[in-house]
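# below is the structure, and that's it, no one-letter string:
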């Protein structure tokens, strides 16, 4: 009976229609869904790659910050060792430096007054030097430029200028320099 059914032309058309409908349904639901799944997967992969790139940029920024932190730590250690803890040696170097540049610039350096004061931070001392200077304005200006360009870690904390009327072009300057040392000194 089954053979007769299959050789019958309307039955063949019905089978062909059912198979076509079944193939279309499989394509419509399965293949199309698979294409949508692949497209969504591709979008998710792109999103994940973008997130990964963001994380890589953040890691690079963190690495840069960490390197800068290490450099700053080394510079702080160097500063403490070579500037804050070596008071006697630095005072001698600063004094010799000031006398040398004053002589080179033709500026008279009168009595230097030294003062040590505790800072707000108890771990540091502020060491000040009051320098009364006499000379031509441009020579004193050049001397101040030499002080600012030096590696002595000197801060100009006060500068007062007075014209000397009895000498042509001469000025008198009261210059106060400050530097820092570890509290208690060495």
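Looks like it arrived, so ask away. What you are looking at is a predicted structure, and each value in this text was computed from that prediction instead of being measured.
# measure the most centrally placed residue in the chain to residue 147 for me?
The chain has residue 68 as the residue nearest its centroid, 6.2 Å off, counting by Cα atoms, centre = their mean. Relative to residue 147, residue 68 is positioned 29 Å away (Cβ to Cβ, to the nearest Å). In this view, the C-beta of every residue, glycine as well, is placed from N, C-alpha and C.
# quick one: residue 147 and residue 154 touch, right?
Yes. Under the criterion of Cβ atoms under 8 Å, residue 147 makes contact with residue 154 at 5.6 Å.
# neighbouring contacts of stretch 149-158?
Here stretch 149-158 makes contact (Cβ atoms under 8 Å, 6 or more residues apart in numbering) with 83, 90, 93-94, 97, 128, 144, 147-148, 174-180.
# which of the residues in that stretch are buried?
152, 154 (16 or more other Cβ atoms under 10 Å).
# pLDDT averaged over that stretch - what is it?
Stretch 149-158 shows an average pLDDT of 88 in the prediction.
# please parse the protein into its domains.
Structurally, the chain divides into domains by automatic domain parsing as follows: 2-80, 87-182.
# just name the most buried of the ones you listed.
domain 87-182 (a mean of 15; mean count of other Cβ atoms under 10 Å).
# this structure: helices as residue ranges?
For the chain, the helices defined by DSSP state H cover 2-7, 9-25, 32-79, 87-105, 137-149.
# among those helices, which is nearest residue 115?
helix 87-105 (12.2 Å; Cβ to Cβ).
# and the closest one with helix 137-149, angle?
Counting by axes from the mean of the first three to the mean of the last three Cα atoms, to 10 degrees, helix 87-105 lies at 150 degrees to helix 137-149.
# what does helix 87-105 contact?
83, 108-109, 112, 114, 127, 129, 131, 133, 135, 139-140, 142-143, 146-147, 150, 152, 154, 179, 181-182, 185-186.
# what mean pLDDT does that helix have?
Regarding helix 87-105, the rounded mean pLDDT is 87.
# when you give positions from now on, start the count at 28
In the new count, where the first residue is 28, that last one comes out as helix 114-132.
# ok, what's across the strand from residue 151?
Beta bridges link residue 151 to residue 209 when assigned by DSSP bridges.
# can you check the one 4 residues further on too?
Residue 155 has these beta-bridge partners by DSSP bridges: residue 142, residue 205.
# any idea how far it lies from residue 35?
Distance from residue 155 to residue 35, by Cβ to Cβ: 118 Å.
# what does residue 150 give?
107 Å.
# what about this protein, any weak spots by pLDDT?
Low-confidence segments of the chain, defined by pLDDT under 70: 28-34, 109-112, 146-149, 190-195, 210-213.
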